[in-house]
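Chemist: model this:
(one chain, ligands or ions: 1)
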Amino acid sequence: MGKPMNIVSAWTRQVERGQQPSGADLQDHLAAVHHDNAGFTEACAWDCRDADGKNSYQLLADMIDLRRHCSALDLACGSGVLLNLCHQRFETGLALAGVDMSDAELQLARQRLSHTNIKLHQGMAQDLHFIADASVDIVLCHWALTLMDPVAPVFATVKRVLTDHGVFAAIIDGNPETAPGYNEVHDIIYKCAQREYPNYGAIELGDPRVRTAAALHEFTAETFAEADVTITPTVLSFNAAPEILAREAAGFFYASFVLSAAGHRQMLAELERHFSTQRQDGESCFIMPVNRLVVRLGQGIVHTRLAH
Ligand SMILES: C[S@@+](CC[C@H](N)C(=O)[O-])C[C@H]1O[C@@H](n2cnc3c(N)ncnc32)[C@H](O)[C@@H]1O
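Modeler: Numbering: from 1, shown residues only. Take a look at the predicted model:
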């Protein structure tokens, strides 16, 4: 997990003024957060497991079927964890590539994947001009769709690069109400952020069209006509000692990166106190709600559902 850096960006300046940040402001913010904290997502996400012991990277890798897929693209691949997992699982049976806007994240990915021939591109998900039309069998996107603003060109681009029977699968935030204790952790972190940025929370990162399952479902079905669209909710748990959980859970919320050093220390203390109250055999539990979106093209009918 990276160090708290009291990130100040075009995005935080707009939030401070109570004004809606633009896509460019968001890009500036994400670049700053990931420059100073590259690799922070995996610190928490790798250890969060579902009831079958799978983490969300594995849930996405499960969507690859070598009988149908020869090429896969990891959209917003970050430090390359998912690409590495796919490489280990499918070896040379699958041509892999990754795209991310952050050079710092890509540097970690390059180191991690230096023994492979996986192609890594620096670029925006909204404009994958370096990837040919209808050339990718499956596009995966782990924990990044809700950061992309505007999201419409991302969906249009995914549609453009996918083959006729391609698949788009993404892990995104789930419904907080389904994950016991998640709202408490969220509220502790957001209250700390609001002490320094009173408008934090009222103004959020990303495009609202993909923030909830219902909105995502409607938007996806609109964009990918004649596709089978499924959104499957699940919860992932992470057990650890309260001080570890406090750090890792905090690192998962972008709100924690805008805090001053003092504010960050206070947030960690509050989170540790919170997790300590539910400790059992020395460990507490953080539960995260996620949704897995799966879009299958070329199904010939419009068929969408929210799985339960
Ligand atoms: C929460 S991290 C997830 C990284 C990686 N997928 C993982 O789960 O380990 C979000 C990533 O999305 C990237 N990102 C956000 N918006 C992007 C965009 N519009 N185009 C390309 N990359 C983007 C960030 O640089 C960052 O690496």
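
Chemist: my read: Pro150 touches Ala125, true?
Modeler: No: the pair Pro150 / Ala125 is not scored as a contact, 10.5 Å apart, by C-beta atoms under 8 Å. C-beta: built from backbone N, CA, C; applies to glycine.

Chemist: Look at those two and report which has more neighbours.
Modeler: Ala125 (22 against 14; other C-beta atoms under 10 Å).

Chemist: element containing the more buried one?
Modeler: Assigning secondary structure by DSSP states H and E places Ala125 outside every helix and strand.

Chemist: Over to Ala104?
Modeler: For Ala104, the host element (DSSP H and E) is helix 103-112.

Chemist: ok, that helix near the ligand or not?
Modeler: Yes: applying C-beta under 6 Å from any ligand atom, one finds helix 103-112 touching the ligand at Glu105.

Chemist: Check which residues of that helix are buried.
Modeler: Residues of helix 103-112 classed as buried: Ala104, Glu105, Leu106, Leu108, Ala109, Arg112 (neighbour count, 16 or more other C-beta atoms under 10 Å).

Chemist: Take that helix, keep the C-alpha atoms, and write them as PDB.
Modeler: Extracted in PDB, the C-alpha atoms of helix 103-112 (Å, rounded to 0.1, in the frame of the first residue of the first chain):
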ATOM      1  CA  ASP A 103       3.100   5.500 -16.400                       C
ATOM      2  CA  ALA A 104       3.800   4.700 -12.700                       C
ATOM      3  CA  GLU A 105       1.400   1.700 -12.800                       C
ATOM      4  CA  LEU A 106       2.700   0.600 -16.100                       C
ATOM      5  CA  GLN A 107       6.300   0.600 -14.800                       C
ATOM      6  CA  LEU A 108       5.200  -1.900 -12.100                       C
ATOM      7  CA  ALA A 109       3.400  -3.900 -14.800                       C
ATOM      8  CA  ARG A 110       6.500  -3.900 -17.000                       C
ATOM      9  CA  GLN A 111       8.700  -5.200 -14.100                       C
ATOM     10  CA  ARG A 112       6.200  -7.900 -13.200                       C
END
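
Chemist: Can you work out which other helices and strands pack against it?
Modeler: Counting contacts by 3 or more C-beta pairs under 8 Å, 6 or more residues apart in numbering; DSSP states H and E, helix 103-112 packs against helix 23-36, helix 81-90, strand 95-100, strand 119-122.

Chemist: I figured His186 hits Phe253, correct?
Modeler: Yes: the criterion here is C-beta under 8 Å, and His186 meets it with Phe253 at 7.2 Å.

Chemist: Burial check on the closest residue to the ligand within the stretch 51-200 of the chain, number of neighbours?
Modeler: Nearest residue of the stretch 51-200 of the chain to the ligand: Gly78, at 2.5 Å (C-beta to the nearest ligand atom). Residues within reach of Gly78, counting by other C-beta under 10 Å, total 26.

Chemist: And for Pro198?
Modeler: When neighbours are counted by other C-beta under 10 Å, Pro198 registers 12.

Chemist: Using the three-state scheme, assign it.
Modeler: coil (DSSP: H, G, I helix; E, B strand; the rest coil).

Chemist: Got the confidence number for it?
Modeler: As predicted, Pro198 sits at a pLDDT of 91.

Chemist: so how far is Val290 from the residue lying closest to Tyr182 once chain neighbours are set aside?
Modeler: Excluding the flanking residues, the one nearest Tyr182 by C-beta to C-beta, 6 or more residues apart in numbering is Pro176, at 5.0 Å. Taking C-beta to C-beta, to the nearest Å as the criterion, Pro176 is separated from Val290 by 11 Å.

Chemist: Those two - which one has more neighbours?
Modeler: Shown here are Pro176 and Val290; by other C-beta under 10 Å, Val290 has more neighbours (22 against 16).
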